[in-house]
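Asks: Whatever this is, show me its structure:
(one chain, ligands or ions: 1)
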Amino acid sequence: MQPQKAFRMEWKKSTGSELPLAKLQQQRLDRMIACARSHSPFYRQLYQHLPVSGVALHDLPPTTKTQLMEAFDAWATDPAVSRASVDAFIRDKRLVGQRYLGKYSVWTTSGTTGEPGIFLQDAAAQRIYNRLLILRGFRSWLTWGDLAAMLQRGFHCAMILAVGDHYAGAANWARVQRSLGPFADRLRIFPILEPLPALVARLSVFRPVIIISYPSVLALLAGEQSAGRLNIQPFVLCSLGEGLDEPARQKIESAFPKSHLVDIYAASEFLCIGFECSQHWLHANSDWVLLEPVGADHQPVPAGQPSANVLLTNLANRVQPILRYSLGDSVTFKPEPCPCGNPLPAFRVAGRTDETMIFPARTAGNVAVLPMAIASVVEQVPGVLRYQIIQTAPDQLKVRLEVESGVEREAVWDVTAAGLQAFFANQGAVTIGVALAGEAPQANPVSGKFRHVYKERWDAEESSVA
Ligand SMILES: [Zn+2]
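Replies: Prediction:
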(Lines give C-alpha, C1' and ligand atoms only; values in the text may rest on other atoms or scores of the structure.)
Protein backbone atom coordinates (compact mmCIF):
# COMPACT_ATOMS: atom_id res chain seq x y z
CA MET A 1 0.00 0.00 0.00
CA GLN A 2 1.29 3.48 -0.89
CA PRO A 3 2.18 5.58 2.17
CA GLN A 4 -0.12 8.41 1.08
CA LYS A 5 -3.12 6.12 0.78
CA ALA A 6 -2.31 4.46 4.09
CA PHE A 7 -1.99 7.87 5.66
CA ARG A 8 -5.35 9.08 4.35
CA MET A 9 -7.00 5.95 5.68
CA GLU A 10 -5.57 6.55 9.10
CA TRP A 11 -6.06 10.30 9.13
CA LYS A 12 -9.71 10.25 10.20
CA LYS A 13 -9.10 7.50 12.73
CA SER A 14 -6.09 9.16 14.37
CA THR A 15 -7.30 12.77 14.28
CA GLY A 16 -10.88 12.02 15.24
CA SER A 17 -12.08 14.34 12.43
CA GLU A 18 -12.58 14.51 8.66
CA LEU A 19 -11.69 18.22 8.45
CA PRO A 20 -8.55 19.19 6.51
CA LEU A 21 -5.55 20.02 8.69
CA ALA A 22 -5.68 23.85 8.61
CA LYS A 23 -9.38 23.95 9.50
CA LEU A 24 -8.96 21.36 12.20
CA GLN A 25 -6.06 23.30 13.75
CA GLN A 26 -8.03 26.56 13.76
CA GLN A 27 -11.12 24.89 15.24
CA ARG A 28 -9.10 23.25 18.02
CA LEU A 29 -7.11 26.43 18.65
CA ASP A 30 -10.29 28.54 18.92
CA ARG A 31 -11.70 26.08 21.45
CA MET A 32 -8.47 26.02 23.47
CA ILE A 33 -8.26 29.83 23.57
CA ALA A 34 -11.92 30.05 24.61
CA CYS A 35 -11.34 27.48 27.35
CA ALA A 36 -8.23 29.31 28.58
CA ARG A 37 -9.97 32.69 28.64
CA SER A 38 -13.07 31.42 30.42
CA HIS A 39 -11.47 29.17 33.02
CA SER A 40 -7.84 30.21 33.57
CA PRO A 41 -7.44 33.50 35.47
CA PHE A 42 -3.84 33.68 34.18
CA TYR A 43 -4.88 33.63 30.51
CA ARG A 44 -7.90 35.85 31.15
CA GLN A 45 -5.50 38.55 32.26
CA LEU A 46 -2.84 37.78 29.64
CA TYR A 47 -5.37 37.97 26.80
CA GLN A 48 -7.45 40.88 28.14
CA HIS A 49 -6.32 43.20 25.32
CA LEU A 50 -7.11 40.72 22.54
CA PRO A 51 -10.40 40.83 20.58
CA VAL A 52 -13.18 38.55 21.79
CA SER A 53 -13.07 36.37 18.66
CA GLY A 54 -11.05 35.86 15.48
CA VAL A 55 -7.72 35.65 17.31
CA ALA A 56 -4.88 34.14 15.25
CA LEU A 57 -2.10 32.10 16.79
CA HIS A 58 0.55 34.78 16.22
CA ASP A 59 -1.65 37.34 18.06
CA LEU A 60 -1.13 35.45 21.32
CA PRO A 61 1.72 36.61 23.55
CA PRO A 62 4.34 33.84 24.02
CA THR A 63 4.57 32.15 27.42
CA THR A 64 7.46 30.63 29.37
CA LYS A 65 7.81 27.89 31.93
CA THR A 66 8.83 30.44 34.58
CA GLN A 67 5.65 32.43 33.97
CA LEU A 68 3.38 29.37 34.13
CA MET A 69 5.06 27.90 37.21
CA GLU A 70 4.83 31.22 39.05
CA ALA A 71 1.14 31.54 38.18
CA PHE A 72 0.50 27.84 38.85
CA ASP A 73 -2.88 28.09 40.61
CA ALA A 74 -4.19 30.85 38.30
CA TRP A 75 -2.92 28.99 35.20
CA ALA A 76 -5.10 25.91 35.78
CA THR A 77 -8.64 25.86 34.38
CA ASP A 78 -9.81 23.77 37.35
CA PRO A 79 -10.03 25.84 40.57
CA ALA A 80 -9.43 22.69 42.63
CA VAL A 81 -5.82 22.57 41.36
CA SER A 82 -3.28 24.17 43.69
CA ARG A 83 0.50 24.19 43.82
CA ALA A 84 0.45 23.20 47.48
CA SER A 85 -1.63 20.07 46.90
CA VAL A 86 0.32 19.14 43.73
CA ASP A 87 3.59 19.49 45.67
CA ALA A 88 2.24 17.18 48.36
CA PHE A 89 1.23 14.68 45.66
CA ILE A 90 4.68 14.82 44.02
CA ARG A 91 6.49 14.28 47.30
CA ASP A 92 4.80 10.89 47.61
CA LYS A 93 6.72 8.67 45.16
CA ARG A 94 4.20 5.85 45.68
CA LEU A 95 1.74 7.95 43.70
CA VAL A 96 3.78 7.84 40.44
CA GLY A 97 1.28 7.09 37.65
CA GLN A 98 -1.73 7.70 39.94
CA ARG A 99 -4.21 10.49 39.37
CA TYR A 100 -4.03 13.78 41.25
CA LEU A 101 -7.54 14.85 42.44
CA GLY A 102 -8.66 11.52 40.95
CA LYS A 103 -8.49 13.11 37.49
CA TYR A 104 -5.10 14.35 36.36
CA SER A 105 -1.73 12.78 35.65
CA VAL A 106 1.19 14.74 37.07
CA TRP A 107 4.46 14.87 35.15
CA THR A 108 7.52 16.63 36.47
CA THR A 109 10.44 17.69 34.36
CA SER A 110 13.58 19.71 34.45
CA GLY A 111 13.51 20.06 30.67
CA THR A 112 16.13 21.61 28.45
CA THR A 113 16.23 24.89 30.35
CA GLY A 114 17.11 23.25 33.67
CA GLU A 115 14.12 24.81 35.32
CA PRO A 116 11.71 22.48 37.11
CA GLY A 117 8.25 22.15 35.59
CA ILE A 118 5.06 20.45 36.74
CA PHE A 119 2.54 19.51 34.07
CA LEU A 120 -0.93 18.13 34.69
CA GLN A 121 -2.59 16.14 31.92
CA ASP A 122 -6.32 15.54 31.74
CA ALA A 123 -7.73 12.16 30.74
CA ALA A 124 -8.73 13.33 27.24
CA ALA A 125 -5.20 14.55 26.50
CA GLN A 126 -3.70 11.27 27.62
CA ARG A 127 -6.08 9.32 25.43
CA ILE A 128 -4.97 11.47 22.49
CA TYR A 129 -1.25 10.95 23.23
CA ASN A 130 -1.67 7.19 23.42
CA ARG A 131 -3.92 7.10 20.34
CA LEU A 132 -1.29 9.00 18.35
CA LEU A 133 1.39 6.60 19.51
CA ILE A 134 -0.60 3.51 18.59
CA LEU A 135 -2.38 4.64 15.39
CA ARG A 136 0.16 7.01 13.91
CA GLY A 137 3.35 5.78 15.50
CA PHE A 138 3.48 1.98 15.81
CA ARG A 139 0.88 1.33 13.13
CA SER A 140 2.86 3.17 10.43
CA TRP A 141 6.11 1.34 11.20
CA LEU A 142 4.66 -2.16 11.32
CA THR A 143 2.94 -4.40 8.80
CA TRP A 144 0.05 -6.70 9.74
CA GLY A 145 2.57 -9.53 9.39
CA ASP A 146 4.85 -7.84 11.94
CA LEU A 147 1.93 -7.42 14.34
CA ALA A 148 0.94 -11.07 13.99
CA ALA A 149 4.54 -12.17 14.62
CA MET A 150 4.75 -9.84 17.63
CA LEU A 151 1.55 -11.30 19.07
CA GLN A 152 2.90 -14.79 18.57
CA ARG A 153 5.97 -13.84 20.59
CA GLY A 154 3.83 -12.58 23.45
CA PHE A 155 3.92 -8.86 22.60
CA HIS A 156 6.39 -7.97 25.33
CA CYS A 157 7.21 -4.26 25.51
CA ALA A 158 10.21 -3.03 27.49
CA MET A 159 10.43 0.58 28.64
CA ILE A 160 13.91 1.41 29.94
CA LEU A 161 13.42 4.75 31.64
CA ALA A 162 14.28 7.00 34.53
CA VAL A 163 11.94 5.89 37.31
CA GLY A 164 11.34 6.69 40.96
CA ASP A 165 9.80 10.10 40.34
CA HIS A 166 6.83 11.58 38.49
CA TYR A 167 8.58 11.72 35.10
CA ALA A 168 6.29 11.75 32.06
CA GLY A 169 7.58 8.46 30.66
CA ALA A 170 7.51 6.43 33.86
CA ALA A 171 4.21 7.90 35.04
CA ASN A 172 2.48 7.42 31.68
CA TRP A 173 3.63 3.83 31.23
CA ALA A 174 2.81 2.90 34.82
CA ARG A 175 -0.75 4.07 34.13
CA VAL A 176 -0.94 2.28 30.76
CA GLN A 177 0.37 -0.85 32.46
CA ARG A 178 -2.37 -0.77 35.08
CA SER A 179 -5.01 -0.30 32.37
CA LEU A 180 -3.90 -3.54 30.69
CA GLY A 181 -5.39 -5.62 33.52
CA PRO A 182 -4.53 -9.31 32.99
CA PHE A 183 -2.02 -8.34 30.26
CA ALA A 184 -0.07 -5.94 32.50
CA ASP A 185 2.92 -8.31 32.52
CA ARG A 186 3.36 -7.76 28.75
CA LEU A 187 4.67 -4.29 29.50
CA ARG A 188 7.64 -3.96 31.81
CA ILE A 189 9.46 -0.86 33.01
CA PHE A 190 13.20 -1.32 33.57
CA PRO A 191 14.98 1.41 35.57
CA ILE A 192 17.96 2.99 33.81
CA LEU A 193 19.80 2.93 37.14
CA GLU A 194 20.08 -0.84 36.80
CA PRO A 195 23.68 -1.88 36.02
CA LEU A 196 24.10 -2.95 32.39
CA PRO A 197 24.83 -6.68 32.98
CA ALA A 198 21.67 -7.01 35.11
CA LEU A 199 19.60 -5.17 32.49
CA VAL A 200 20.99 -7.39 29.73
CA ALA A 201 20.16 -10.52 31.73
CA ARG A 202 16.58 -9.42 32.38
CA LEU A 203 15.98 -8.35 28.76
CA SER A 204 17.29 -11.71 27.53
CA VAL A 205 14.62 -13.45 29.58
CA PHE A 206 11.84 -10.96 28.77
CA ARG A 207 12.53 -10.98 24.98
CA PRO A 208 10.78 -7.71 24.11
CA VAL A 209 9.31 -7.05 20.64
CA ILE A 210 9.27 -3.30 21.36
CA ILE A 211 11.86 -1.36 23.34
CA ILE A 212 11.26 2.27 24.26
CA SER A 213 14.24 4.10 25.74
CA TYR A 214 16.81 6.85 25.35
CA PRO A 215 19.21 6.62 22.39
CA SER A 216 22.16 6.32 24.78
CA VAL A 217 20.55 3.20 26.33
CA LEU A 218 19.77 1.74 22.90
CA ALA A 219 23.39 2.36 21.86
CA LEU A 220 24.65 0.56 24.99
CA LEU A 221 22.31 -2.36 24.24
CA ALA A 222 23.57 -2.37 20.64
CA GLY A 223 27.10 -2.80 21.99
CA GLU A 224 25.97 -5.73 24.14
CA GLN A 225 24.09 -7.32 21.20
CA SER A 226 27.12 -6.96 18.89
CA ALA A 227 29.39 -8.46 21.56
CA GLY A 228 27.05 -11.46 21.85
CA ARG A 229 26.13 -10.85 25.50
CA LEU A 230 22.57 -9.88 24.46
CA ASN A 231 20.54 -11.77 21.87
CA ILE A 232 17.11 -10.25 21.30
CA GLN A 233 15.11 -9.52 18.14
CA PRO A 234 12.84 -6.53 18.77
CA PHE A 235 10.63 -5.30 15.90
CA VAL A 236 10.71 -1.68 17.00
CA LEU A 237 13.28 0.33 18.94
CA CYS A 238 11.83 3.69 19.96
CA SER A 239 14.28 6.40 20.83
CA LEU A 240 13.14 9.39 22.87
CA GLY A 241 14.20 11.93 25.48
CA GLU A 242 17.45 12.86 23.75
CA GLY A 243 18.38 13.40 20.13
CA LEU A 244 19.32 10.34 18.09
CA ASP A 245 22.62 11.27 16.44
CA GLU A 246 24.12 9.54 13.40
CA PRO A 247 26.86 7.51 15.19
CA ALA A 248 24.28 6.15 17.68
CA ARG A 249 21.87 5.38 14.84
CA GLN A 250 24.51 3.46 12.89
CA LYS A 251 25.58 1.50 15.95
CA ILE A 252 21.99 0.56 16.83
CA GLU A 253 20.98 -0.28 13.25
CA SER A 254 23.99 -2.49 12.64
CA ALA A 255 23.42 -4.40 15.90
CA PHE A 256 19.67 -4.78 15.26
CA PRO A 257 19.44 -4.96 11.43
CA LYS A 258 15.89 -6.32 11.41
CA SER A 259 14.43 -3.74 13.83
CA HIS A 260 12.77 -0.45 12.94
CA LEU A 261 14.62 2.29 14.80
CA VAL A 262 12.26 5.21 15.32
CA ASP A 263 12.96 8.55 16.92
CA ILE A 264 10.12 10.16 18.87
CA TYR A 265 10.21 13.84 19.81
CA ALA A 266 8.59 13.79 23.23
CA ALA A 267 8.11 16.33 26.03
CA SER A 268 6.15 16.73 29.22
CA GLU A 269 4.36 19.64 27.53
CA PHE A 270 3.01 17.26 24.86
CA LEU A 271 3.90 13.60 25.07
CA CYS A 272 4.52 12.70 21.40
CA ILE A 273 5.16 15.88 19.41
CA GLY A 274 6.53 14.07 16.38
CA PHE A 275 7.39 10.63 15.02
CA GLU A 276 10.23 9.82 12.69
CA CYS A 277 9.42 8.60 9.16
CA SER A 278 11.28 6.29 6.78
CA GLN A 279 13.19 9.32 5.43
CA HIS A 280 14.52 10.16 8.94
CA TRP A 281 12.41 13.30 9.35
CA LEU A 282 10.17 13.89 12.35
CA HIS A 283 6.56 14.62 11.42
CA ALA A 284 4.76 16.92 13.84
CA ASN A 285 1.37 15.66 15.03
CA SER A 286 0.17 19.12 14.11
CA ASP A 287 -3.54 18.35 14.32
CA TRP A 288 -2.97 18.28 18.10
CA VAL A 289 0.26 20.20 18.67
CA LEU A 290 1.43 23.36 16.88
CA LEU A 291 5.12 24.17 16.53
CA GLU A 292 6.37 27.61 15.50
CA PRO A 293 10.08 27.94 14.75
CA VAL A 294 11.11 31.39 15.99
CA GLY A 295 14.20 33.50 16.52
CA ALA A 296 15.30 34.87 19.89
CA ASP A 297 12.95 37.82 19.22
CA HIS A 298 9.98 35.42 18.72
CA GLN A 299 9.79 36.35 15.03
CA PRO A 300 9.07 33.41 12.69
CA VAL A 301 12.02 31.58 11.14
CA PRO A 302 11.41 30.28 7.59
CA ALA A 303 11.54 26.57 6.72
CA GLY A 304 15.02 25.36 5.85
CA GLN A 305 16.69 27.48 8.54
CA PRO A 306 17.43 26.37 12.10
CA SER A 307 15.40 28.32 14.68
CA ALA A 308 16.74 29.67 17.96
CA ASN A 309 13.62 28.50 19.77
CA VAL A 310 10.31 26.80 19.11
CA LEU A 311 6.90 27.81 20.47
CA LEU A 312 4.60 24.90 21.31
CA THR A 313 0.80 25.01 21.49
CA ASN A 314 -0.95 21.96 22.93
CA LEU A 315 -4.45 21.57 21.46
CA ALA A 316 -5.30 18.49 23.52
CA ASN A 317 -4.85 19.30 27.21
CA ARG A 318 -7.31 21.69 28.83
CA VAL A 319 -6.45 21.54 32.51
CA GLN A 320 -3.28 23.63 32.00
CA PRO A 321 -3.50 25.32 28.59
CA ILE A 322 -0.09 25.57 26.92
CA LEU A 323 -0.27 28.25 24.23
CA ARG A 324 2.76 29.61 22.34
CA TYR A 325 5.03 28.18 25.02
CA SER A 326 8.78 28.61 24.68
CA LEU A 327 10.17 25.07 24.51
CA GLY A 328 13.79 26.15 23.96
CA ASP A 329 14.78 23.68 21.21
CA SER A 330 16.24 24.59 17.85
CA VAL A 331 14.22 23.05 15.01
CA THR A 332 14.51 23.12 11.22
CA PHE A 333 11.39 22.55 9.13
CA LYS A 334 11.64 20.85 5.75
CA PRO A 335 10.65 23.36 3.04
CA GLU A 336 9.46 20.78 0.50
CA PRO A 337 7.05 17.85 1.02
CA CYS A 338 8.58 14.73 2.56
CA PRO A 339 9.14 11.87 0.06
CA CYS A 340 7.61 9.45 2.58
CA GLY A 341 4.14 10.82 1.68
CA ASN A 342 3.16 11.92 5.18
CA PRO A 343 1.60 15.39 4.70
CA LEU A 344 2.22 16.44 8.33
CA PRO A 345 5.03 19.03 8.65
CA ALA A 346 8.50 17.46 8.64
CA PHE A 347 11.27 18.83 10.86
CA ARG A 348 14.47 18.01 12.72
CA VAL A 349 15.61 19.00 16.20
CA ALA A 350 19.19 20.04 16.99
CA GLY A 351 21.23 19.65 20.12
CA ARG A 352 19.34 17.17 22.24
CA THR A 353 22.32 14.86 22.67
CA ASP A 354 24.09 14.10 25.93
CA GLU A 355 27.20 11.98 25.60
CA THR A 356 27.63 8.74 27.53
CA MET A 357 30.21 9.17 30.28
CA ILE A 358 33.08 6.83 30.94
CA PHE A 359 34.44 6.10 34.44
CA PRO A 360 37.19 3.66 35.47
CA ALA A 361 35.82 0.30 36.62
CA ARG A 362 36.77 -1.36 39.94
CA THR A 363 37.95 -4.33 37.93
CA ALA A 364 39.76 -3.78 34.63
CA GLY A 365 38.36 -1.44 31.99
CA ASN A 366 35.69 1.20 32.10
CA VAL A 367 32.06 1.63 33.04
CA ALA A 368 29.77 3.51 30.64
CA VAL A 369 27.20 5.59 32.49
CA LEU A 370 24.20 7.36 31.02
CA PRO A 371 23.91 11.08 31.74
CA MET A 372 20.19 10.57 32.39
CA ALA A 373 20.92 7.91 35.00
CA ILE A 374 23.31 10.18 36.93
CA ALA A 375 20.85 13.06 36.57
CA SER A 376 17.98 11.04 37.99
CA VAL A 377 20.02 10.22 41.12
CA VAL A 378 20.42 13.92 41.91
CA GLU A 379 16.96 14.93 40.73
CA GLN A 380 15.34 12.57 43.20
CA VAL A 381 16.99 14.05 46.27
CA PRO A 382 14.33 15.99 48.21
CA GLY A 383 15.08 19.72 48.28
CA VAL A 384 17.00 19.86 44.97
CA LEU A 385 15.71 22.69 42.79
CA ARG A 386 18.32 22.90 40.00
CA TYR A 387 21.57 21.06 39.48
CA GLN A 388 24.39 20.43 37.08
CA ILE A 389 26.79 17.50 37.20
CA ILE A 390 30.16 17.98 35.56
CA GLN A 391 32.82 15.32 35.13
CA THR A 392 36.08 17.16 35.75
CA ALA A 393 38.50 14.21 35.62
CA PRO A 394 38.16 10.45 34.89
CA ASP A 395 37.21 9.78 38.54
CA GLN A 396 35.99 13.22 39.65
CA LEU A 397 32.66 15.02 39.49
CA LYS A 398 31.57 18.40 40.67
CA VAL A 399 27.94 19.26 41.28
CA ARG A 400 26.40 22.70 41.05
CA LEU A 401 23.40 22.71 43.30
CA GLU A 402 20.53 25.07 43.93
CA VAL A 403 18.14 24.03 46.68
CA GLU A 404 14.54 24.92 47.42
CA SER A 405 13.99 27.87 49.73
CA GLY A 406 13.89 27.00 53.43
CA VAL A 407 16.07 23.93 52.87
CA GLU A 408 19.62 23.61 54.19
CA ARG A 409 22.04 23.27 51.26
CA GLU A 410 24.62 21.24 53.18
CA ALA A 411 22.02 18.67 54.26
CA VAL A 412 20.77 18.30 50.66
CA TRP A 413 24.37 17.94 49.49
CA ASP A 414 25.10 15.15 52.02
CA VAL A 415 22.18 13.12 50.65
CA THR A 416 23.17 13.92 47.04
CA ALA A 417 26.81 12.91 47.55
CA ALA A 418 25.81 9.65 49.28
CA GLY A 419 23.33 8.89 46.47
CA LEU A 420 26.00 9.43 43.81
CA GLN A 421 28.53 7.26 45.66
CA ALA A 422 25.99 4.44 45.99
CA PHE A 423 25.10 4.79 42.31
CA PHE A 424 28.71 4.52 41.12
CA ALA A 425 29.39 1.59 43.47
CA ASN A 426 26.33 -0.17 42.03
CA GLN A 427 27.57 0.47 38.48
CA GLY A 428 30.91 -1.16 39.29
CA ALA A 429 32.98 2.03 39.07
CA VAL A 430 35.96 2.94 41.26
CA THR A 431 35.26 5.40 44.08
CA ILE A 432 34.39 8.66 42.35
CA GLY A 433 35.26 11.90 44.06
CA VAL A 434 32.20 14.15 44.23
CA ALA A 435 32.57 17.81 45.15
CA LEU A 436 30.01 20.53 45.73
CA ALA A 437 30.72 23.53 43.49
CA GLY A 438 30.48 27.05 44.87
CA GLU A 439 28.78 28.47 41.78
CA ALA A 440 25.13 28.03 40.77
CA PRO A 441 24.00 25.89 37.80
CA GLN A 442 24.44 27.87 34.59
CA ALA A 443 23.82 27.72 30.86
CA ASN A 444 26.67 27.51 28.41
CA PRO A 445 27.70 31.15 27.90
CA VAL A 446 28.25 30.59 24.17
CA SER A 447 25.32 28.41 23.08
CA GLY A 448 22.90 29.48 25.83
CA LYS A 449 21.97 25.78 26.23
CA PHE A 450 21.59 24.34 29.68
CA ARG A 451 22.96 20.82 30.12
CA HIS A 452 22.38 18.85 33.30
CA VAL A 453 25.27 16.48 32.84
CA TYR A 454 28.41 17.00 30.85
CA LYS A 455 32.09 16.33 30.66
CA GLU A 456 34.62 19.10 31.02
CA ARG A 457 37.74 18.83 28.86
CA TRP A 458 40.53 17.93 31.24
CA ASP A 459 43.26 16.67 28.87
CA ALA A 460 44.70 20.17 28.39
CA GLU A 461 44.52 20.92 32.12
CA GLU A 462 46.32 17.69 32.98
CA SER A 463 49.22 18.45 30.68
CA SER A 464 49.48 22.01 31.95
CA VAL A 465 49.55 20.76 35.57
CA ALA A 466 52.21 18.17 34.68
ZN1 LIG B 1 8.59 11.82 6.03
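
Asks: got the residues of the protein near the ion?
Replies: Proximity of the chain to the ion (C-beta under 5 Å from the ion) is limited to residues 277, 279, 281, 338, 340, 342. For the C-beta atoms, the positions are set from N, CA and C on the backbone; glycine is no exception.

Asks: Enumerate every residue touching the second one.
Replies: Applying C-beta atoms under 8 Å, 6 or more residues apart in numbering, one finds that residue 279 lies in contact with 338, 339, 340, 346.

Asks: Please name the nearest non-neighbouring residue to residue 360.
Replies: Counting by C-beta to C-beta, 6 or more residues apart in numbering, residue 360 lies nearest to residue 430, which is 4.8 Å off, once chain neighbours are set aside.

Asks: does the one you found really touch residue 362, like I thought?
Replies: Yes: if you go by C-beta atoms under 8 Å, residue 430 and residue 362 touch, sitting 5.5 Å apart.

Asks: Name the residue in those two with the higher neighbour count.
Replies: For residue 430 versus residue 362, neighbours defined as other C-beta atoms under 10 Å are more numerous around residue 430 (16 against 13).

Asks: mind listing what the more buried one touches?
Replies: By C-beta under 8 Å, 6+ apart, the contact set of residue 430 is 359, 360, 361, 362, 395, 424.

Asks: Then residue 218 would be within a helix, right?
Replies: Yes: Residue 218: assigned to a helix according to DSSP: H, G, I helix; E, B strand; the rest coil.

Asks: So for it, what's the nearest residue that isn't a sequence neighbour?
Replies: residue 252 is the one closest to residue 218 (C-beta to C-beta, 6+ apart), at 5.0 Å.

Asks: tell me which element the one you found is part of?
Replies: helix 246-255 (DSSP states H and E).

Asks: Next: residue 307.
Replies: In the assignment (DSSP H and E), residue 307 maps to no helix and no strand.

Asks: residue contacts, it?
Replies: Contacts of residue 307 (C-beta under 8 Å, 6+ apart): 293, 294, 295, 301, 330, 331, 332.

Asks: Which residue comes closest to the residue of the stretch 151-300 of the chain found nearest the ion once chain neighbours are left out?
Replies: Nearest residue of the stretch 151-300 of the chain to the ion: residue 277, at 3.1 Å (C-beta to the ion). Ranked by C-beta to C-beta, 6+ apart and with sequence neighbours excluded, the top spatial neighbour of residue 277 is residue 340, at 4.1 Å.

Asks: tally of neighbours for the closest residue in space to residue 419 that isn't next to it in sequence?
Replies: Closest residue to residue 419 apart from its sequence neighbours, by C-beta to C-beta, 6+ apart: residue 377 at 4.9 Å. Residue 377 is flanked by 20 other residues according to other C-beta under 10 Å.

Asks: is it true that residue 377 touches residue 193?
Replies: Yes: using C-beta under 8 Å, residue 377 is in contact with residue 193, at 7.1 Å.
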